[in-house]
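Visitor: Need coordinates for the below:
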Amino acid sequence: MSQQVYLPSYSIGENVYENIPKICADYGKSAVVIGGKISLNEVKEKLITATMNTEIKLLDFIWYGGNATRENIERLKEIDAVKQADMIFAVGGGKSMDTSKALGDILDKPVFTFPTIASNCAPVTALCILYKDDKIEFYNAKKPAIHCFIQTEIIGRAPIKYLRAGIGDALSKQYEVCFNTRARVLNHTNSLGVQIAKDCSERLLHYGKKAIDDAQKHIVSEDLMQTVLTIIINTGLVSVLVDSNYNSSLAHSLYLARIKLSDCEKYMHGEIVSLGVLLLLLVDKQFKEFKRVYAFNESLDLSLTLANLGIKDTNQLIDLILQDKYLCFSPYIITKEKLEEAISSLINFNKAKSF
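Guide: A predicted model of the protein is given here:
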């Protein structure tokens with residue numbers, strides 16, 4: 001029996017792009033930069049300056065297509081600069097990262113990531129979420145990005161909604177992973193991932209509110225850096241180390257259900273997942289922890305009710321939640337009755353702010 005685990009490395013700070021030649025040189029002499037339109041504009045001059053008079057040549061800056069889809073990956077494959085490049089530099093948020101990671105995996109080209117927002121752990125995971133209509137494909141690359149360059153000045157001035165959503169998404173990692181692995185005998189890799197997961201929510205609950213306050217003032221504080229590292233690195237390492245069957249539970253089941261309903265584009269992934277955390281804690285009858293997370297979510301102006309996410313038909317929602325295949329890895333059967341009770345408890349708590 002053998003096992004191979006690839007772990008990403010990372011740099012964080014205002015001057016991290018200066019390290020590009022040293023870190024990337026072993027992987028090739030040319031790179032194509034792929035990302036969102038706004039994010040490409042944010043990093044273009046910085047990347048050009050960082051690679052000027054070095055052995056690394058930037059062949060082109062290319063828009064990823066606006067969504068992480070098979071169609072956009074196929075389109076990018078046919079672009080000459082992509083074919084010629086030794087490396088792919090992925091820039092922007094989760095969808096551009098996932099598009100570029102899947103593209104790199106298919107073309108067997110090393111990927112380096114340059115997040116411009118801290119909304120999820122896509123910059124350091126091997127998992128790529130691809131979309132088609134209301135369906136999601138979970139594409140697992142053979143390995144994660146080689147290195148992640150976290151430029152704090154750029155992330156610090158990004159719209160605050162992305163950081164808020166990133167906190168909401170990362171908040172789920174500890175609760176979902178520890179829930180799914182409860183009482184299981186784990187191998188070394190899974191156990192290591194669970195240990196990292198156990199620190200995710202605690203760090204966010206400690207640093208998150210101050211990080212939001214500082215980011216609104218465009219201050220790159222220690223609280224903001226610790227929060228960004230938790231969102232991107234901690235949760236990303238958990239995703240890499242922990243079996244995919246244990247990485248997702250009820251918090252993400254709510255997200256997968258919501259995207260099947262109309263007008264989902266109004267709501268960010270992490271915004272939906274943060275409410276799913278509250279439902280998970282209620283289903284699991286962790287009432288003390290529920291109150292703690294509820295108060296934290298309220299302080300960050302994250303969603304506290306299904307109505308905040310435009311959900312009116314709870315019966316339809318429950319039916320969709322129960323379709324999630326990863327719920328079968330819960331430590332007990334999550335039934336329609338358990339979900340109804342949790343939703344009822346959430347409604348009553350919102351009315352009275354107490355049980």
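Visitor: hey, let's count contacts and neighbours off CA atoms from now on
Guide: Will do.
Visitor: the bottom helix or strand of the chain by mean pLDDT?
Guide: strand 135-140 (a mean of 91; mean pLDDT, DSSP states H and E).
Visitor: Need the residues that contact that one.
Guide: Applying C-alpha atoms under 8 Å, 6 or more residues apart in numbering, the external contacts of strand 135-140 come out as 102, 126, 127, 128, 129, 130, 131, 260.
Visitor: can you tell me which of those residues are in helices?
Guide: Among these, the ones falling in helices (DSSP state H) are residue 102.
Visitor: Using CSV, please lay out the contacts of strand 135-140 together with neighbour count, pLDDT and distance to residue 198.
Guide: Listed next are these as CSV, based on neighbours: other C-alpha atoms under 10 Å; pLDDT from 0 to 100; distance: C-alpha to C-alpha, whole Å:
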residue, neighbour count, pLDDT, distance to residue 198
102, 26, 98, 29
126, 26, 95, 21
127, 23, 94, 21
128, 24, 96, 24
129, 19, 94, 24
130, 20, 96, 28
131, 16, 93, 30
260, 14, 91, 31
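Visitor: Pick out the most distant pair among the contacts of strand 135-140.
Guide: Within the contacts of strand 135-140, two members stand farthest from each other by C-alpha to C-alpha: 126 and 260, at 24.7 Å.
Visitor: before we move on, the earlier item: quick one: which of the contacts of strand 135-140 is nearest residue 344?
Guide: Using C-alpha to C-alpha, the contacts of strand 135-140 come closest to residue 344 at residue 260, 22.1 Å.
Visitor: show me the contacts for the closest one.
Guide: Each residue near residue 260 by C-alpha under 8 Å, 6+ apart is listed here: 134, 135, 320.
Visitor: Buried ones among those residues?
Guide: Among those, those classed as buried by 16 or more other C-alpha atoms under 10 Å are residue 320.
Visitor: Quick check: which element contains the residue positioned nearest the centre of the chain?
Guide: For the chain, the residue nearest the mean C-alpha position is residue 120 (2.4 Å; C-alpha atoms, centre = their mean). Residue 120 belongs to no helix or strand when elements are defined using DSSP states H and E.
Visitor: Leaving out the residues flanking it, which one is nearest to it?
Guide: Once flanking residues are discounted, residue 120 sits nearest to residue 166: 5.1 Å by C-alpha to C-alpha, 6 or more residues apart in numbering.
Visitor: what about that neighbour, which helix or strand?
Guide: helix 160-180.
Visitor: I'd like the next helix or strand past that helix.
Guide: Going down the chain from helix 160-180, the next helix or strand is helix 188-216, by DSSP H and E.
Visitor: Tell me which residues of that next one come out buried.
Guide: 190-191, 193-194, 196-198, 200-201, 203-205, 207-215.
Visitor: still on that earlier bit, give me the contacts around the helix or strand following the least confident helix or strand of the chain.
Guide: Once the chain leaves strand 135-140, the next helix or strand it forms, by DSSP H and E, is strand 147-151. Residues external to strand 147-151 that are found in contact with it (C-alpha under 8 Å, 6+ apart): 8-17, 23, 111-116, 123-124.
Visitor: Would you list the buried entries among the residues you listed?
Guide: In the contacts of strand 147-151, the ones that pass as buried (16+ other C-alpha under 10 Å) are 8, 10, 16, 17, 111, 112, 113, 114, 115, 116, 123, 124.
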